[in-house]
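Asker: Sequence plus predicted model, see below.
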Amino acid sequence: MTGQHQQPIPGVSGISSPLPLGRCIYCGNGPNAGLSDEHVVPLALNGNLLLKQASCEACRVITSRFEAKLLRGGFRSAREAFAYNTRSKDRPTHLPIFNVHGEENSRKDIPIGEYPVTLLMPLVAGAYIDTFPNAVTGEQRTWSFRNHDYDKLSGEADIFQFTSNILDVRSLYRLLAKIAHGTAVAYHGLDGFVPFLKPVILDEEYSGYTRFIGTMWPPPPPLDQNGFETELGLESLNDRTYISARIRFFPELGTPFYRVIVGTFATCQSAIDKWELALKTPPPDPHEAGAIRMDIKATRNA
Ligand SMILES: [Zn+2]
């Protein structure tokens with residue numbers, strides 16, 4: 001079946017490679033490059049897939065920079081409200097919100113349990129390296145997921161309009177690429193496939209995200225557990241085989257899956273040709289990958 005996800009491999013998110021890889025999974029550098037263990041999904045998102053001796057010092061600087069932008073930015077209130085893992089000993093008891101223009105004097109510190117969680121997720125038409133049927137077509141837009149009774153904010157905290165956390169979209173795409181790539185390495189091995197996503201992960205200037213990443217719409221129902229969902233599988237199109245991953249952050253909020261085209265097999269030269277062409281050609285639908293935020297109104301009950 002064209003474009004369908006075949007042979008899903010469930011449970012990949014929980015495995016760890018038993019042996020040290022001894023090479024960086026991003027740049028290929030060996031033991032002299034200062035290799036450390038790599039959390040494929042950040043600990044702060046409750047990730048438990050670990051690749052031993054799998055990221056060099058230079059690549060770790062790059063990946064931790066975009067991870068931090070998300071974890072301390074657009075993902076922060078959801079992480080704290082749902083008590084995701086943290087490396088720091090002291091969890092905050094309160095988080096700040098600001099009235100809509102963000103003036104410091106409008107700051108209110110709200111207890112975590114009452115904090116208005118907002119999570120912005122861009123809907124991106126994409127993953128069209130080989131004209132995959134898109135789950136989302138048309139305009140790029142942002143979907144916001146909320147978990148709060150806003151009446152309470154206007155009633156008790158006297159906040160009527162506030163801004164969401166800022167989501168850095170480029171960092172979101174890069175994290176999706178990193179998780180998809182690392183999951184494929186865990187399953188297929190570092191030499192088991194031809195990886196497509198290194199420019200997305202390592203090159204801050206790379207703009208062709210939508211070649212490899214798209215949103216699947218509509219989202220499945222919310223899960224009653226937190227963490228994330230990952231599934232690795234194979235997709236075939238035009239007699240070519242692609243490795244793809246489906247990734248969903250904060251499933252308890254009813255978020256959508258993103259589909260990420262990870263790579264292909266060395267035996268599939270025509271898919272490798274497609275990838276090389278995709279790297280050389282600008283995306284047909286250039287996508288804004290800036291920072292987004294949203295103003296949210298709290299309304300008092302009539
Ligand atoms: Zn490296």
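Answerer: Received it, and whenever you're ready, just let me know what you need. Everything numeric here is computed off the predicted structure, so don't read it as measured data. Numbers count the residues shown, from 1 in each chain.

Asker: only C-alpha atoms for contact and neighbour calcs from this point on.
Answerer: Noted.

Asker: Please enumerate the helices of the stretch 151-300 of the chain.
Answerer: 169-188, 198-202, 269-280 (DSSP state H, counting those that start in this stretch).

Asker: My error: substitute the stretch 1-150 of the chain in the last question.
Answerer: 57-69, 76-81, 150-152.

Asker: deepest of the ones you listed, which one?
Answerer: helix 76-81 (a mean of 22; mean count of other CA atoms under 10 Å).

Asker: Identify the residues contacting that helix?
Answerer: With contact meaning CA atoms under 8 Å, 6 or more residues apart in numbering, helix 76-81 is reached by 44-45, 70-71, 91-92, 95, 112-113, 115-119, 165, 250.

Asker: Quick check: the gap between the residue positioned nearest the centre of the chain and the ion.
Answerer: The C-alpha lying nearest the average C-alpha coordinate of the chain belongs to Leu176 (CA atoms, centre = their mean; 3.7 Å). According to CA to the ion, to the nearest Å, Leu176 stands 18 Å off from the ion.

Asker: residues in contact with that residue?
Answerer: 247, 258, 260.

Asker: dump the residue contacts of the nearest residue to the last one once chain neighbours are set aside.
Answerer: For Val260, the nearest residue in space outside its immediate sequence neighbours is Ile213; the separation is 4.6 Å by CA to CA, 6 or more residues apart in numbering. For Ile213, the contact set (CA under 8 Å, 6+ apart) comprises 124, 126-128, 173, 177, 258-261.

Asker: And for Leu279?
Answerer: Gly208 are the contacts of Leu279 under CA under 8 Å, 6+ apart.

Asker: still on that earlier bit, so which of the contacts of Leu176 is surrounded by the most neighbours?
Answerer: The residue in the contacts of Leu176 with the most neighbours, by other CA atoms under 10 Å, is Val260 (28 neighbours).

Asker: Wait, it touches Tyr128, no?
Answerer: No - between Val260 and Tyr128 there is no contact under CA atoms under 8 Å: 10.0 Å.

Asker: For the ion, what's its nearest residue on the stretch 101-250 of the chain.
Answerer: Closest to the ion within the stretch 101-250 of the chain is Leu202: 8.9 Å, counting by CA to the ion.

Asker: nearest to Ala186, of the helices of the stretch 1-150 of the chain?
Answerer: helix 57-69 (17.7 Å; CA to CA).

Asker: how much space between Pro92 and the ion?
Answerer: 34 Å.

Asker: For Arg76, report the pLDDT, please.
Answerer: Listed pLDDT for Arg76 reads 88.

Asker: And Thr267, by the same measure?
Answerer: Here the pLDDT value assigned to Thr267 is 96.

Asker: Number of residues surrounding it?
Answerer: Neighbours of Thr267 (other CA under 10 Å): 12.

Asker: tell me the contacts of it?
Answerer: Contacts of Thr267 (CA under 8 Å, 6+ apart): none.

Asker: Over to it: give its phi and psi.
Answerer: phi -80, psi -10 (degrees, to the nearest 10).

Asker: Show me which residues of the stretch 51-200 of the chain are close to the ion?
Answerer: 56, 59 (CA under 5 Å from the ion).

Asker: pretty sure Ile247 is in contact with Phe257, am I right?
Answerer: Yes - the criterion here is CA under 8 Å, and Ile247 meets it with Phe257 at 5.3 Å.

Asker: The residue lying closest to the residue of the stretch 101-250 of the chain closest to the ion once chain neighbours are set aside and Glu204, how far apart?
Answerer: Leaving aside its chain neighbours, Leu202 sits nearest to Ile62 (6.7 Å; criterion: CA to CA, 6+ apart). As judged by CA to CA, to the nearest Å, Ile62 and Glu204 stand 9 Å apart.
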